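>>> Give the three-dimensional model of this entry:
(2 chains)
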Amino acid sequence: MQRVILIAIPYAWLLALFLIPFVIVFKISLSDIALAIPPYTPTLDDGVGPFFRALDFENFAFLMSDDLYWKAYLSSLRIAVISTLLTLLVGYPVAYAMARAPEEWRATLMMLVILPFWTSFLIRVYAWMGILSQEGFLNQFLLWTGVIGEPLTILNTTTAVYIGIVYTYVPFMILPIYAALDRLDGSLIEAAEDLGCSRLQAFWLVTVPLSKNGIIAGSFLVFIPALGEFVIPSLLGGSGTLMIGKVLWEEFFNNRDWPVASAVAVILLLLLIVPIILFQRNQQRQAEAEG
Amino acid sequence: MAETVFAPWDDPAEKPLIRFRNVTKQFGSFTAIDDLTLDIFEREFFALLGPSGCGKTTMMRMLAGFETISGGTIELAGQDIAAVPPNKRAVNMMFQSYALFPHLSVYDNIAFGLRRDRKSRGEIDARVAEMLKLTRLEKFARRKPHQISGGQRQRVALARSLAKAPKLLLLDEPLGALDAKLRQATQFELMDIQEKTGTTFVIVTHDQEEAMTVASRVAVMDEGRLMQVATPERIYEAPESVYVADFIGDVNILTGTAQASGEAQFRVIWDGEQTPLVAASSREFHDGQACHLAVRPEKVSISAERPEAAENAVQGKVLDIAYLGNLSTYHVELPGGQIIKAQTANTRRISRRSFTWEDPVWVSWSATAGVLLAE
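Presented below is the predicted three-dimensional model:
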């Protein structure tokens, strides 16, 4: 009985905070736009029978027909994949250095990785605007050193979006990789060297495979939120940066087309479910391997 | 055909495989190895024995190449190895934790070193099969390390470190993680494999029984220095210092002053009220020099009456009896408060034991039973 209650708590949580909102969004995605409050029709006020009869998949058909949405999905996917790889490229060496740092430094280094979370995410993205703009710190610095003759255009390009995503999500990459590397028994590396590996070979043959789970976990933790990212592309990206999060926002707040926006959200969720399930399976396998 | 005794260390013409010359290792201000000189010969099973922190693991890690040398030189087969990185040394190591690669199967673990040498598939296959057979692991080749028992993991680690046929195999507490029964069986297995492969083994252990069982020579270490390097028999029967006598096995140490009483014969004046002890010693002591007489408990007899022929006999009463099954150790308290341990084999059932607590008894030993030590 106690067990049932214990299990019921997370399920109740999921039901209230995930499933019910999803059902509502899904319902809206099947509705039609209306100039009313709420801005869609039908509502349950129309009676149960007419309500269900008025629902249809029109909005999904519309998403298929307009290539803006497909391009936005694909572009988001590409940006999410590339920025996940970039984050891995930046995060792995940092995690590796942390795991190799003297014991007494590690807590401090961990703090430094987590420290940015103490400031609002929005403020940090705005700060990047200050760094990347034409008159920003980066351009001023590069001009001062003489590396460039005239300021680079970084802000309002996809490059700025990559920088923003990598900067924002790199802690999510570092922490699981660090956890994996920290657990790695140093004598394994010594054993590899003892058996004839150079340092680099030992890294590829032992360190990387044994931190695989950390890499996978970190990649999903970056990829999943990056795919639906809205704030970074809308603040740092330009008109050329097409991301589904931005499209979603515009549908909701500029066009006030809640049904189409909901349909976009439902498809985004379906796209995300695949990597989320893969992520869960990875976590579970890891837990089993350790158990 | 009588085999000659394996004792290359007694042959001055023999070239050692490993030569430590005035080797010093410092970690900051801490001296782990202090001006140490040592030769280890080919085909030897050499044990480094000492309490934790005595520097034995550091010595092994210097041989493997994981620690640099602060001073002196280490030669392997005549070549100074200071500048040779671990992956280029003809030395392999079996780690205390085994350090098996958890993501690789038993087969791949054993093949790991061979693959680094760019050997052909057939060669690797043949060598791994040979190693699997040697360590009786044929059935487990496809398993991952976490799917086999501790004893099997130990054998995989051994097979992996032997696969490259190193000139020298280092074993860092190889049996530490095994239970007592399995450890004993594995000790003999190790000796067997060492003999079959003809590899030089250097084993680090803190377990004196293990060192005595497997090794051709034992080096007893303390605080970065060698206390004594000798065969197990000599270490046990002829320790050169109180430290070695005390570290290896059980011993009675009686402290007094020496007085020459004949050719290689000394009297030990020890407790005012006791008659001086008689001890034979090839080591010279001048009259009045402080000395320690070390006598192993099994060389001390216990009896109800004073034995007629005994050169040394003292009376006391039984304070404690440690029953070990095959043996019993009697702790006999002398009037002066010293305790002498005497060991007897339990050839009779316990109910018929001759002595019990508080019994007045005589403990006795011959002049040659003990070793007279200066320090």
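
>>> got the residues of chain B near chain A?
Residues of chain B lying close to chain A (CB under 8 Å from any CB of the partner chain) are B:64-66, B:85-87, B:91-93, B:95-97, B:99, B:101-103, B:112-113, B:116-117, B:146, B:160-161, B:164. (Each C-beta comes from the backbone N, C-alpha and C, glycine too.)

>>> Show the buried residues in those residues.
For the residues of chain B next to chain A, a neighbour count by 16 or more other CB atoms under 10 Å in any protein chain shown gives the buried set as B:64-66, B:86-87, B:91-93, B:95-97, B:99, B:101-103, B:112-113, B:116, B:160-161, B:164.

>>> Poorly predicted segments of chain B, please.
Applying pLDDT under 70 to chain B flags residues B:1-4, B:272, B:350-352.

>>> what's around A:Ile37, how many residues?
A total of 6 residues lie near A:Ile37 under the criterion other CB atoms under 10 Å in any protein chain shown.

>>> Could you report the separation of it from chain B?
59 Å (CB to the nearest CB, to the nearest Å).

>>> Shouldn't that residue be within a helix?
No: counting by DSSP: H, G, I helix; E, B strand; the rest coil, A:Ile37 is not found in a helix; it is coil.

>>> Would you tell me what the next helix or strand after the host helix or strand of A:Ile123 is?
Per DSSP states H and E, A:Ile123 falls inside helix A:121-132. Moving toward the C-terminus from helix A:121-132, the next helix or strand (DSSP H and E) is helix A:137-145.

>>> thinking again about what came up before, what does the helix holding A:Ile123 contact?
A:116, A:136-138, A:154-155, A:160, A:163-164, A:167-168, A:231-232, A:235-236 (CB atoms under 8 Å, 6 or more residues apart in numbering or on different chains).

>>> Take those and keep only those in helices.
Among those, the residues falling in helices (DSSP state H) are A:Phe137, A:Leu138, A:Ala160, A:Ile163, A:Gly164, A:Tyr167, A:Thr168, A:Val231, A:Ile232, A:Leu235, A:Leu236.

>>> Any of those residues buried? List them.
For the ones in helices among the contacts of helix A:121-132, buried by 16+ other CB under 10 Å: A:Leu138, A:Ala160, A:Ile163, A:Gly164, A:Tyr167, A:Thr168, A:Ile232, A:Leu235, A:Leu236.

>>> Could you report the neighbour count for A:Val264?
A:Val264: 26 neighbours (other CB under 10 Å).

>>> hang on, isn't it packed against A:Ile244?
Yes: taking contacts as CB atoms under 8 Å, A:Val264 lies within contact range of A:Ile244: 6.7 Å.

>>> Identify the contacts common to those two.
A:Tyr69.

>>> thinking again about what came up before, buried residues, the helix holding A:Ile123. List them.
A:Val125, A:Trp128, A:Ile131, A:Leu132.

>>> Please report how far the third one lies from A:Val25.
Using CB to CB, to the nearest Å, we find A:Ile131 at a distance of 36 Å from A:Val25.

>>> Enumerate the residues of the stretch 51-200 of chain A near chain B.
Going by CB under 8 Å from any CB, the residues of the stretch 51-200 of chain A near chain B are A:Asp185, A:Ser187, A:Leu188, A:Glu190, A:Ala191, A:Ala192, A:Glu193, A:Asp194, A:Leu195, A:Gly196, A:Cys197, A:Ser198.

>>> again, 7 Å this time
Contact residues, the stretch 51-200 of chain A versus chain B (CB under 7 Å from any CB of the partner chain): A:Asp185, A:Ser187, A:Leu188, A:Glu190, A:Ala191, A:Glu193, A:Asp194, A:Leu195, A:Gly196, A:Cys197, A:Ser198.

>>> Filter the residues you listed down to the buried ones.
Buried by 16+ other CB under 10 Å: A:Asp185, A:Ser187, A:Leu188, A:Glu190, A:Ala191, A:Glu193, A:Asp194, A:Leu195, A:Gly196, A:Cys197, out of these.

>>> which residues does the fifth one contact?
Remark: with contacts taken as CB atoms under 7 Å, 6 or more residues apart in numbering or on different chains, A:Ala191 is in contact with B:Phe95, B:Ala99.

>>> Confirm that it sits in a helix.
Yes: under three-state DSSP, A:Ala191 falls within a helix.

>>> Tell me how far it lies from B:Arg116.
12 Å.

>>> Over to B:Ser97: give its phi and psi.
With angles defined as degrees, to the nearest 10, B:Ser97 sits at phi -90, psi 0.

>>> With adjacent residues omitted, what lies nearest to it?
A:Ser187 (5.4 Å; CB to CB, 6 or more residues apart in numbering or on different chains).

>>> Over to A:Phe220?
A:Phe279 (3.9 Å).

>>> what's the first-to-last distance across stretch B:166-185?
24 Å (CA to CA, to the nearest Å).

>>> Residues in contact with that stretch: which ones?
The contact list for stretch B:166-185, computed with CB under 7 Å, 6+ apart, reads B:17-18, B:57, B:60, B:63-64, B:76-77, B:90-96, B:150-151, B:154, B:161-162, B:186-187, B:199-205, B:210.

>>> re the thing from before, can you redo the ones in helices among the contacts of helix A:121-132 as TSV with distance to A:Phe203?
Conversion of these to TSV gives the following (distance: CB to CB, whole Å):
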residue	distance to A:Phe203
A:Phe137	35
A:Leu138	32
A:Ala160	33
A:Ile163	27
A:Gly164	30
A:Tyr167	26
A:Thr168	28
A:Val231	36
A:Ile232	32
A:Leu235	38
A:Leu236	34
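
>>> What is the nearest of these to B:Gly53?
Comparing the ones in helices among the contacts of helix A:121-132 against B:Gly53 with CB to CB picks out A:Tyr167 as the nearest, at 46.8 Å.

>>> so who does the residue nearest the centre of chain B touch?
Nearest to the geometric centre of chain B sits B:Ala211, at 3.1 Å (CA atoms, centre = their mean). When contacts are counted by CB under 7 Å, 6+ apart, B:Ala211 touches B:Ala47, B:Leu49, B:Thr205, B:Val218.

>>> What's the first helix or strand after the helix or strand harbouring it?
Taking DSSP H and E as the definition, one finds B:Ala211 inside helix B:208-214. Following helix B:208-214 in sequence order, the next helix or strand is strand B:217-222 (DSSP H and E).

>>> Residues in contact with that next one: which ones?
Contacts for strand B:217-222 (CB under 7 Å, 6+ apart): B:9, B:38, B:44, B:46-50, B:54-56, B:211-212, B:226-232, B:235, B:243-244, B:247-248.
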